[in-house]
Each structure stands twice: as C-alpha cells, then as structure tokens.
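S.K.: what's the 3D shape of this:
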Amino acid sequence: MVKPIKNELHDDLFGIPAPLDMISVLKKFRGKKILVVGEGILDSYLYGISQQLCREAPVPVISLLDTKLSAGGAANTAVSLALLGADVTFMTILGNDPEGDELRRILKSYGIHTENIFLNPERSTIFKQRIISGNQLLIRIDKGTKDPIKGEQCARFSERLKEIIGEFDSMIVSDYMSGLLTPQLIEGIVSMIKSAGIITALDARSLSPYLGSGFYIIKPNYIEAVNLLGIPEAHGSERVKQIISHGQTILKKTKASIAAVTLDADGAVIFEKDHRPYRIYARPLAHPNTAGAGDTFISAFVLSLASKTNSSVAAEIASFAAAIAIGKKEATVTCSNQELIGFLTKKNKEITSLAELADLKAFYASQGFKIIFTNGCFDILHRGHIYFLNQCKSLGDILIVGVNNDESIRLIKGQNRPLNRLSDRLQILQSLSCVNHVIGFHGPAPLEIIRVLKPHIFVKGSNHHIDCLPEVPVIRQQGGEICLLPYLNEYSTEGIIERVKTSMQN
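M.R.: Next up, the predicted model:
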C-alpha cells in the first residue's frame with residue numbers, strides 16, 4: 001500500500017495550501033523514475049491551404065505546406081513527463097512496422113526508455129493522420145490494430161511489468177481503450193499495485209473496467225466522471241456543483257485515495273479522503289489548444305505528489321503546467337520544467353540570476369511573446385525615462401530592463417555616481433506598469449544577459465550611435481532588431497543634478 005502523503009502544507013480547515021516555494025518542488029521532478037503503461041499512438045498533422053474545389057467532387061483541394069509527426073495517446077504522457085524532468089520508461093505493444101519505428105524514434109529523442117516496448121508483427125501501430133487547412137481540421141484518418149491483445153502476449157506483458165514495477169517512484173496507466181488494457185491485464189495490474197508501494201495513477205477513457213481497482217490517483221474528465229456515476233450531464237457552472245456533490249462517490253467506486261476531475265474551462269476539482277474538495281480555476285486564454293492538456297496535467301500532478309508535496313499544491317502546479325501547454329500553438333501541447341519554472345518566476349519582477357532569466361525566456365518563448373530589452377543606469381528616474389520605457393513597451397509584449405550596478409556606473413559616470421544604490425533603482429523601476437522585469441548587471445554592457453535572453457528588439461536612446469554600442473554585434477548575430485528611440489530633450493539625469501547644484505548654491 002502507498003503511504004498517504006503527509007499534508008504538512010495543507011490547511012485542513014479550509015482546504016487551502018499554505019505558502020510554498022513551488023520552484024523547489026519543480027526541481028525535485030528531475031530524475032524521478034516514472035513508468036507509463038498504455039497505448040502508443042503515432043500522430044500525424046498535415047498542414048495546408050485550400051484555394052479551390054476538386055473537379056471530381058465538391059471537396060477542397062489542399063496544397064500541403066508542412067507535416068508534423070508526434071507521440072500520441074499514452075506516449076504523449078511519457079513525453080510530458082520527460083519534458084518536466086522525469087526519467088521515463090514507456091511500456092506498450094506496437095506493430096513491427098514503420099509507424100512503430102517512428103514512434104520509438106520520437107520517444108528516444110526525448111530520452112525516454114523504450115526497451116520495454118513489445119513488438120508484435122501481427123499488429124499494426126495505431127496511426128492517426130489529421131489534415132488541417134488554416135486552423136480548421138478537415139478530416140482524420142485512422143489506421144492500426146485496436147483488437148484486444150491475445151492471452152499469451154498479455155501474460156508475457158503482465159509478467160514483465162511485475163518484474164520492473166518496483167524500480168519506479170510512480171506508475172501512470174493511460175488507457176485509450178485501443179486494445180492493450182484488457183480485463184486480464186487490468187486484473188494483473190490491480191494485483192500488482194496493492195503491493196508495489198509506489199504512487200500509481202490512472203487516466204482512462206472509461207473508469208468502468210477499474211471499479212474498486214485502488215489506484216492512488218485517478219484523473220477523469222467531466223464526461224468520464226458522469227459516465228462512471230451514471231448521472232446526466234449538467235451544463236455551465238452547474239457542472240462544478242454537480243461534481244462536488246458526487247466526489248466522495250467517485251472515490252468509493254474506484255477506491256482511489258485522490259480523484260482529480262478536470263472540467264476544461266471550469267478548471268478542476270480535487271477530491272481526497274477526509275479532506276474538503278479543492279477547486280482549481282482555469283487560467284483564461286483567448287484561443288486555447290487543449291489537445292494533450294490532460295496528459296500535461298496528470299504528469300505534473302503525479303510528479304508533484306512524488307516530490308512529497310500535498311494534493312492541493314500538486315493541483316496548482318498541474319494547473320499552471322496545463323495553462324502553459326494550452327497557450328501554445330502546437331498540434332499536441334506539452335510543458336517543460338524550464339517553462340514551468342519560468343512561469344512561476346515571472347510573478348517576481350526582479351531577476352536575480354542568468355539561470356532565472358533562461359527559465360523566464362523559455363516560458364515567454366513557449367507562448368510566442370515578443371521580448372523587448374533595454375538597459376541603462378536609471379540613477380534618477382525622471383519623466384524622460386518613463387516616456388522612453390513606455391515607448392519601449394509599445395514595441396512588443398514583454399519589457400525587460402537591464403540596470404548597471406553601482407561599480408559600473410562609477411566607472412562610466414565618475415566616483416560621485418550613482419546617487420541611488422542598485423537595489424533602490426531596481427525597486428523604483430519595478431513600480432512601473434510598463435516594466436515586466438528588471439535585472440542588474442556588472443560591467444559596461446549586458447552582453448551575457450543578451451546572449452541568454454535573445455530579445456526580439458534591443459532599444460537604446462537616439463543619443464547613442466548604433467555602431468558604438470557593444471550590444472549591437474551580439475543582437476545582430478542572434479537575428480534581433482535594433483531600435484533607437486528619442487528621449488525628451490528637456491529631461492536628463494545630468495540636467496536634474498545641475499539644477500539641484502544650482503539651487504543649493506543659491
């Protein structure tokens with residue numbers, strides 16, 4: 001039996017997680033050994049445009065522009081775990097065919113162990129081809145064997161699983177109801193998890209074959225939950241109320257310790273024995289892409305629990321990961337550990353290291369944000385600075401400001417400068433709504449920052465000559481744009497200092 005995770009950070013009265021450095025949890029993801037069992041699917045996306053109808057029939061003619069192959073089904077869960085930092089083994093049965101070879105190649109490219117993938121020449125790998133024109137899915141073509149695996153191979157698969165299950169921190173069973181998880185194999189898995197002593201999670205299209213199975217975690221979506229309960233579907237906000245009222249029934253029917261019921265735009269509700277339900281609210285997005293979001297959620301949720309945090313915090317982390325994933329424009333979405341750390345880092349305006357900057361860059365890049373970078377002393381923040389920084393922000397989505405440290409200002413401006421310490425200057429800049437992040441740097445130019453950040457646009461004031469800026473060669477090498485913006489001529493730090501001196505003399 002899995003020992004219940006101690007809820008050291010859980011407020012039992014209100015069901016609210018106490019403050020936690022979530023980044024420290026994410027760093028514990030690295031190296032966690034996770035086994036994924038389920039159907040591997042090769043997904044193909046054919047992108048094109050349609051500008052005419054076919055003469056043979058009233059159907060569009062698609063001019064193919066691009067093709068993408070990716071891991072689908074339970075294989076996408078394995079990829080999600082690997083991107084989050086886990087040491088992942090994938091166990092399935094594939095056909096001994098080109099599609100199976102390609103799927104294994106994709107998995108290996110993510111560092112996923114494939115030595116426990118069984119090949120069966122009598123089966124063909126499940127292959128799903130989607131033809132997309134613009135943003136519109138026109139047709140999906142499926143092929144592959146979905147018949148239940150036969151008794152002898154089922155027995156060999158079960159025996160191998162029994163041999164290796166104890167080597168892992170956690171196991172996720174991802175059942176797409178495509179022939180692998182037969183009643184015989186499910187029975188064997190249920191027997192194993194009772195004595196394995198690891199965190200086991202179930203993500204299944206149907207929970208009916210798993211009644212009383214005793215997985216530590218189950219993750220049904222809303223439809224899967226109501227089908228298990230045998231109740232009619234509700235609509236809108238009533239769905240949340242309905243699921244909350246049946247949460248303990250879900251736990252009883254499956255004998256799970258934790259149930260995470262995902263409700264797409266309505267977030268998720270976490271049920272745990274002897275605790276009040278915990279509601280997670282979805283992060284609103286204009287054009288969410290949800291394909292694969294459930295795989296990201298269960299991956300981050302399981303890894304968080306394996307890292308010894310509680311279910312509420314694990315759910316928050318999983319929700320953040322899913323939000324990052326669905327914000328992407330990719331065919332099947334995922335979220336990396338670095339992107340997730342960057343997402344949490346962005347809540348702090350001050351960046352304190354190049355490592356933090358790299359994580360932040362990864363997150364913003366994953367969402368397609370345009371990054372603007374500028375730098376300077378900002379010794380006395382005045383109207384000219386604010387005008388300039390607002391102009392900078394108007395050029396893109398994210399404005400990051402590099403600030404010279406005290407020593408570098410003394411070398412540039414003389415021993416009487418700066419008038420304000422670096423910590424004060426950073427604090428004042430953080431108060432501006434146009435500034436997303438600030439970072440201090442040593443030396444006359446922030447070259448290391450630029451090499452890590454790779455900004456889309458680098459901005460300086462028009463009082464600089466472009467060929468004299470040491471940052472320019474690095475920006476050009478990275479393919480970035482350089483922009484010179486005007487200052488307000490009547491405002492300058494030197495002018496303010498001179499006026500103060502004159503006033504004091506008078």
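
S.K.: what's the burial count for the closest residue to residue 451 other than its chain neighbours?
M.R.: Excluding the flanking residues, the one nearest residue 451 by Cβ to Cβ, 6 or more residues apart in numbering is residue 474, at 6.3 Å. Every residue, glycine included, has its C-beta placed from N, CA and C. Neighbourhood size, residue 474 [other Cβ atoms under 10 Å]: 19.

S.K.: pretty sure residue 474 contacts residue 449?
M.R.: No: counting by Cβ atoms under 8 Å, residue 474 does not reach residue 449; the two are 9.9 Å apart.

S.K.: Mutual contacts of these two, please.
M.R.: Shared contacts of residue 474 and residue 449 (Cβ atoms under 8 Å, 6 or more residues apart in numbering): none.

S.K.: any low-confidence regions in this structure?
M.R.: The chain contains residues with pLDDT under 70 at 1-21, 283-292, 330-332, 487-506.

S.K.: Phi, psi for the residue nearest to residue 451 please.
M.R.: Per-residue torsions, residue 474: phi -70, psi -40 (degrees, to the nearest 10).

S.K.: can you pull the contacts of it?
M.R.: So residue 474 contacts 447, 450, 451 (Cβ under 8 Å, 6+ apart).

S.K.: just residue 472 next, same as before
M.R.: For residue 472, the contact set (Cβ under 8 Å, 6+ apart) comprises 458, 466, 482.

S.K.: Residue 62 sits in which helix or strand?
M.R.: Per DSSP states H and E: residue 62 is located in strand 60-73.

S.K.: so after that strand, what's the next helix or strand?
M.R.: Taking DSSP H and E, what comes next after strand 60-73 is helix 74-83.

S.K.: so what secondary structure elements neighbour that following helix?
M.R.: The contact analysis (3 or more Cβ pairs under 8 Å, 6 or more residues apart in numbering; DSSP states H and E) places helix 74-83 against strand 33-38, strand 40-53, strand 60-73, strand 87-95, helix 98-109, strand 170-175, helix 293-306.

S.K.: Settle this for me: residue 266 is touching residue 239, isn't it.
M.R.: Yes: counting by Cβ under 8 Å, residue 239 is a contact partner of residue 266 at 6.0 Å.

S.K.: Mind listing residues that contact the helix or strand where residue 157 lies?
M.R.: Using DSSP H and E, residue 157 sits within helix 151-164. With contact meaning Cβ under 8 Å, 6+ apart, helix 151-164 is reached by 35, 37, 89, 91, 93, 116, 118, 120, 149, 182, 184-185, 188-189, 192.

S.K.: just stretch 113-127 next, same as before
M.R.: For stretch 113-127, contacts defined as Cβ under 8 Å, 6+ apart pick out 39-42, 44, 73, 87-97, 99-100, 103-104, 107-108, 142-147, 149, 153, 156-157, 160, 164, 178.

S.K.: 7 Å instead, please
M.R.: Contact partners of stretch 113-127, identified using Cβ atoms under 7 Å, 6 or more residues apart in numbering, comprise 39, 41-42, 44, 73, 88-97, 99-100, 103-104, 107-108, 143-146, 153, 157, 160, 164, 178.

S.K.: dump the residue contacts of residue 82.
M.R.: Contacts of residue 82 by Cβ under 7 Å, 6+ apart are 88, 110, 111, 112.

S.K.: May I see the PyMOL selection of the buried members of the residues you listed?
M.R.: Remark: buried members of those, expressed as a PyMOL selection using 16 or more other Cβ atoms under 10 Å:
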select buried, resi 88+110+112
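
S.K.: From the contacts of residue 82, pick the one nearest residue 443.
M.R.: Residue 443 lies nearest to residue 111 out of the contacts of residue 82, by Cβ to Cβ, at 36.8 Å.

S.K.: can you count the residues close to residue 167?
M.R.: For residue 167, the count of nearby residues is 10 (other Cβ under 10 Å).

S.K.: Chain neighbours aside, what residue packs nearest to it?
M.R.: Nearest in space to residue 167, with sequence neighbours left out and distances taken as Cβ to Cβ, 6+ apart, is residue 33 at 6.6 Å.

S.K.: can you count the residues close to that neighbour?
M.R.: Residue 33 has 16 nearby residues by other Cβ under 10 Å.

S.K.: Residue 248 too?
M.R.: Neighbours of residue 248 under the rule other Cβ under 10 Å: 13.

S.K.: same check, this time on residue 135
M.R.: Should you count by other Cβ under 10 Å, residue 135 turns out to have 9 residues around it.
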